[in-house]
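In: Provide a 3D model corresponding to the input given below.
(chains A, B, C and D)
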Number of protein chains: 2
Amino acid sequence: MQKEHNLSKNQKIIFDLIDKSRGPMKAYSILFNVQKKGIKAPLQVYRALDKLVEIGKIHKIESRNAFIACQNSSCQVSKATAFSICESCENVSEISNSKLSRYLSNFSDSSGMKYSKYNLEFFGLCKKCKSK
Amino acid sequence: MQKEHNLSKNQKIIFDLIDKSRGPMKAYSILFNVQKKGIKAPLQVYRALDKLVEIGKIHKIESRNAFIACQNSSCQVSKATAFSICESCENVSEISNSKLSRYLSNFSDSSGMKYSKYNLEFFGLCKKCKSK
DNA sequence: TTATAAATGTTATATTATTACATACTGTTA
DNA sequence: TAACAGTATGTAATAATATAACATTTATAA
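Out: Predicted coordinates for the structure are as follows:
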């Protein structure tokens, strides 16, 4: 059963914006877009983003400093993420491939480290950009 | 056969510093450390870093905005990287596991994307921090 | 040698993210 | 309900990360 997270006012405003957006959004672009709703300062945005990442409603695309809504409705905690990123048009999408996630979640090596989380980013050219 | 890259002056200074360092280094910490060698501006550092990443002598740890020397002597192009990161002590090491890299390099899905590169970051607790 | 690419130097500025401090809201439990 | 703890908000200032623009120099190769 999924824990219901009642988003606060700012969290809801910011999540809705990201969720409606086509692609990943950057923090200051989010800020610009929510200023008419009364969110004026970067910190207000970053705080909401931090929380939304923590509860798995959004993910951060680390290589792009951008945020995207989680596409996987059952994913409430952000501990296993994989994305494909087109280096030409910068289109990003979340990969949900159970074989891949199983493989990575079970990965362990001789380092003695206990892995609890991973983030994977694939880069390349999307279908459209490939054919140009 | 590995293409020999003759590093330029700044590239060499910066690579040597990162290579000697125990862990990942951040750009402005690098800058601070090479100022006595005549490298005065951020851009000089970033340009060298960009080139070093491009030729695979160093890798960027995206989630930490930090740079680490490549541990894999045969790796001349930075297109397949995997790291383990301790969330407590922030120790980072490069994972070289041929099974993992083979698995990821061969990964493809139904999106039609042609993947040419990936970056994977595992998070958790290292041996030392686990036992604390 | 000439021309082309790669690297450097320098100043300014853009972008991303956090510190510090004060206040208010929400839910729990004595 | 009062008291408390935890979470969220507001605001100003500033820190940390990264790039733009332009002038010059050095290395490489035709």
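
In: Might you enumerate the residues of chain A proximal to DNA strand D?
Out: By Cβ under 7 Å from any atom of the strand, the residues of chain A that approach DNA strand D are A:8-11, A:38-44, A:47-48, A:51. Every residue, glycine included, has its C-beta placed from N, CA and C.

In: any idea which of the residues you listed is the one closest to residue A:26?
Out: Nearest to residue A:26, judged by Cβ to Cβ, of the residues of chain A next to DNA strand D is residue A:42 at 11.4 Å.

In: Neighbours of the closest residue to that closest one other than its chain neighbours, how many?
Out: Nearest-residue entry for residue A:42: residue A:31, 6.0 Å, with adjacent residues in sequence omitted and distances by Cβ to Cβ, 6 or more residues apart in numbering or on different chains. By the criterion of other Cβ atoms under 10 Å in any protein chain shown, residue A:31 has 19 neighbours.

In: Residue A:31 against residue A:37, yeah?
Out: No - counting by Cβ atoms under 8 Å, residue A:31 stays clear of residue A:37, with 10.8 Å between them.

In: buried set for the lengthiest strand in chain A?
Out: Counting by DSSP state E, the longest strand found in chain A is strand A:114-125. Buried residues in strand A:114-125, counting neighbours by 16 or more other Cβ atoms under 10 Å in any protein chain shown, are found at A:115, A:117-125.

In: Widest-spaced pair of those residues?
Out: Across these, the longest distance by Cβ to Cβ is 30.1 Å; it joins A:115 and A:125.

In: which residues touch the residue in chain A sticking out farthest from the centre?
Out: Distance from the C-alpha centroid of chain A, by Cα atoms, centre = their mean, peaks at residue A:110 (29.7 Å). If a contact means Cβ atoms under 8 Å, 6 or more residues apart in numbering or on different chains, then residue A:110 has no contacts.

In: Now with 10 Å, please.
Out: By Cβ atoms under 10 Å, 6 or more residues apart in numbering or on different chains, the residues touching residue A:110 are residue B:97.

In: Now name the helix or strand holding it.
Out: Assigned by DSSP states H and E, residue A:110 falls within no helix or strand.

In: So it versus residue B:56, what's the distance?
Out: Distance, residue A:110 to residue B:56, using Cβ to Cβ, to the nearest Å: 24 Å.
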